[in-house]
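In: My questions concern the predicted model and sequence given below.
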Amino acid sequence: MKRCKPYHLFSALGVCVAVCMTAALSGCANRGTGPQGGPKDSIPPTLIRETPVNGTVNFTGKSIVLQFDEYVQLNNVAENVLISPPQQTPPVVKAIGKRVMVTFEEPLRDSTTYTIDFGQAICDNNEKVPLGNYSFSFATGAQIDTLAMFGRVINAEDLNPVQGVVVGVHENLADSAFSTEPFTRIGKSDTAGHFGVLNMRGGRYRIYALRDVSKDYLYQTSEALAFTEEVFSPSLAFDTVMVDSLTLQPDTAWYHVPDTIVLKLFTEQKKRHYFIRALRDKEQHYFTLLFSAPQDTLPTIVALPPDSSTTDTAWVDFTQHMLCQANPTKDTLIYWLTDSSAINIDTLRFMMTYKMSDSLYQLVDTTDTVQAIYRHPRMSAKALEAKQRQAANRKVEIKSNASSKLDIYRPIEWYVTTPLQDYNTDSIHLYEKVDTMLIPVAFTIDTIDSSNMRFAMRATLKPEQSYTLRIDSGAMHDIYGVTNMPFKAEYKLRSLNEYSTLTIRLKHYNPQARIQILNEKDKVLRELPALPDGAKFEYLEAKSFYVRLYIDWDNNGEWTTGDWALKRQPEPVYYHPQKLSLRANWEFEEEIDHLATPLLQQKPKVLIKVDTGKKK
């Protein structure tokens with residue numbers, strides 16, 4: 001027997017199926033004997049009466065009542081219950097005993113079909129087994145509209161199915177309707193990204209997807225969205241689809257109807273810029289400024305004298321004695337204080353001028369008065385003495401990427417935990433081990449951060465050879481005049497025989513394509529531009545990889561998202577459907593036809609993860 005989701009005209013059939021399934025399960029359940037209590041209840045509540053009946057026309061009431069065969073409860077009504085067309089004042093949905101009541105809080109539109117999709121909201125009272133995918137429809141006019149539009153919502157960047165976003169249509173075809181008028185009708189995407197906008201009347205519509213954080217069915221800047229320039233006319237009458245042709249999959253609430261519409265969800269790069277706070281809670285010799293977005297230009301800081309609320313009496317322009325360090329995303333700025341007179345001020349007051357977003361997301365200069373306060377920890381005299389002794393004996397701490405299996409394409413790196421003032425290259429040595437001898441190796445040193453804390457050694461290194469890095473005592477001074485202890489690190493480069501080489505050519509060559517090598521977690525390991533004779537990836541591990549490419553429309557060397565104001569779609573993304581397994585000491589060539597497989601079937605199943613919009 002085919003299972004059928006009880007949408008309006010199918011509701012009677014759906015109830016029959018549910019009753020049959022209930023009877024069958026009841027008959028074969030092993031109830032056990034004695035104190036075992038029988039198996040856990042896994043049967044959802046059964047709907048036995050609808051008032052008015054599902055599919056009612058000329059509805060003039062203000063509420064509907066659903067009667068079940070057992071006590072029921074509601075689960076997360078705000079997320080599960082969806083009413084179409086949407087209402088600005090949501091109806092009140094309550095469970096009372098064996099009944100669920102829906103009461104409308106605003107007038108219903110004339111000659112309109114309404115659909116209430118309860119999703120997983122209705123559960124039995126004991127085990128919280130959901131009824132699942134029950135929908136109730138009625139019309140305030142003389143007929144139920146029965147047309148529908150179906151499709152999929154996927155993440156534009158990685159093609160993952162997107163769950164839980166509102167998919168809405170507008171009869172108003174103007175672009176402005178998306179941000180000024182609630183949707184005409186709506187649906188919601190399921191775990192496979194499938195959606196259906198049901199009970200539509202004939203006409204021409206624009207369709208959108210929206211992660212509706214504001215819950216107003218209007219697009220707000222910063223909400224994830226998807227749009228298409230196409231205008232659609234619904235032609236599929238849901239009530240005329242043969243039940244035997246529908247297949248309900250275990251991982252989705254939707255029938256496998258044709259994915260006639262594909263919506264690629266993206267988030268614009270219009271992140272709101274603002275200052276979060278200043279921190280000085282760990283150490284007295286630096287403070288941190290936190291921002292909501294990367295800072296393209298450093299803020300301007302002007303020192304202010306202490307106010308009457310602090311115990312500081314001395315004043316020094318600490319801005320003349322500080323060094324800025326930015327994190328890789330440039331939204332966290334650490335200011336190292338380089339002078340003891342500045343470090344000893346507990347409360348640093350300053351005016352800061354920086355870029356902040358206005359209501360139109362334009363960056364404008366903003367000035368705030370900021371305080372970075374250091375609060376001395378409470379400790380005993382003995383603990384304080386130990387801390388002071390430790391500070392007096394502090395040495396510059398050196399770390400490195402020393403490894404017995406260093407990739408041959410990676411340089412030798414070393415880094416320190418406080419910014420350096422200077423270092424003596426003559427006191428830094430790199431040796432190649434040849435038998436028992438250490439042979440000096442010529443090198444240069446590159447600083448790889450903005451605050452003299454990370455360094456790379458450039459040298460000609462040989463596969464399978466061992467190397468020793470030695471840094472003499474006193475070879476470097478940090479900004480506080482502290483020197484280092486002797487440091488030694490051992491390295492051994494991997495053998496060329498451990499690597500594979502992979503050359504990827506595009507059957508349909510596009511000079512704007514960029515090719516990415518992915519691991520089994522869908523993370524980018526390498527990226528190269530496509531070339532006519534292929535993109536050559538050297539020194540890959542002998543393991544399995546996946547391939548993705550995107551079309552770099554703006555030629556900026558990275559994937560670019562869409563922009564609603566400019567009506568710009570996100571850059572197209574494609575996956576190679578097959579896994580590529582590499583062998584050590586082999587060279588592989590692969591020709592990829594990124595247009596051969598339909599987009600929704602490209603991504604390998606092992607890489608697919610449902611996008612719920614929640615932070616990972």
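Out: Perfect, I can see it now. Numbers count the residues shown, from 1 in each chain.
In: ok, now how distant is residue 593 from residue 516?
Out: Distance of residue 593 to residue 516, given as CB to CB, to the nearest Å: 17 Å. Every C-beta, even on glycine, is put in place using the N, C-alpha and C of the backbone.
In: Looking only at neighbour counts, state which of these two leads.
Out: residue 516 (21 against 11; other CB atoms under 10 Å).
In: Can you report phi and psi for the more buried one?
Out: Backbone torsions of residue 516, given as degrees, to the nearest 10, read phi -120, psi 140.
In: dump the residue contacts of it.
Out: Going by CB atoms under 8 Å, 6 or more residues apart in numbering, residue 516 touches 524, 525, 526, 527, 547, 548, 549, 550.
In: Counting by contacts, list what the helix or strand that contains the second one packs against.
Out: Secondary-structure element containing residue 525, defined by DSSP states H and E: strand 524-529. Using 3 or more CB pairs under 8 Å, 6 or more residues apart in numbering; DSSP states H and E as the contact criterion, the elements in contact with strand 524-529 are strand 513-518, strand 535-541.
In: Let's have those strands in JSON lines, adding distance to residue 103 and mean pLDDT.
Out: Compiled in JSON lines, the helices and strands packed on strand 524-529 are given as follows (distance: least, CB to CB, whole Å; pLDDT from 0 to 100):
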{"stretch": "strand 513-518", "distance to residue 103": "50", "mean pLDDT": "98"}
{"stretch": "strand 535-541", "distance to residue 103": "61", "mean pLDDT": "96"}
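In: and of those, who's closest to residue 227?
Out: strand 513-518 (24.2 Å; CB to CB).
In: then the closest one to PDB, C-alphas only?
Out: C-alpha atoms of strand 513-518 as PDB (Å, rounded to 0.1, in the frame of the first residue of the first chain):
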ATOM      1  CA  ALA A 513      36.800  28.200 -13.900                       C
ATOM      2  CA  ARG A 514      38.700  27.500 -10.700                       C
ATOM      3  CA  ILE A 515      39.100  23.900  -9.600                       C
ATOM      4  CA  GLN A 516      39.100  22.800  -5.900                       C
ATOM      5  CA  ILE A 517      40.400  19.500  -4.400                       C
ATOM      6  CA  LEU A 518      38.200  18.500  -1.400                       C
END
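In: what number of residues lie near residue 386?
Out: 12.
In: does it sit in a helix, a strand or a coil?
Out: Following DSSP: H, G, I helix; E, B strand; the rest coil, we place residue 386 in the helix state.
In: how about the helices in the chain?
Out: In the chain, the helices defined using DSSP state H lie at 11-28, 77-80, 177-180, 340-343, 381-392.
In: Would you single out the least confident of these?
Out: Lowest mean pLDDT within the helices of the chain: helix 11-28, a mean of 36.
In: any idea of the pLDDT on residue 483?
Out: Predicted confidence (pLDDT) for residue 483: 96.
In: quick one, domains of this structure?
Out: When the chain is parsed with automatic domain parsing, its domains come out as 1-24+41-144, 275-373, 398-494, 498-607.
In: Nearest to residue 187 among the ones you listed would be which one?
Out: Residue 187 lies closest to domain 1-24+41-144 among the domains of the chain, at 6.9 Å (CB to CB).
In: now the closest one: how far from the chain's centre is it?
Out: 33 Å (CA atoms, centre = their mean, to the nearest Å).
In: Contacts only, for residue 321.
Out: Neighbours of residue 321 in contact, by CB under 8 Å, 6+ apart: 337, 338, 339, 341, 342.
In: which residues touch the closest residue to it other than its chain neighbours?
Out: Spatial nearest neighbour of residue 321, chain neighbours left out: residue 339 (3.5 Å); criterion: CB to CB, 6 or more residues apart in numbering. Applying CB under 8 Å, 6+ apart to residue 339 gives the contacts 316, 318, 320, 321.
In: try residue 215
Out: Applying CB under 8 Å, 6+ apart to residue 215 gives the contacts residue 78.
In: swap in the one 4 residues further on?
Out: Residues in contact with residue 219, defined by CB under 8 Å, 6+ apart, are 178, 179, 208, 210, 225, 564.
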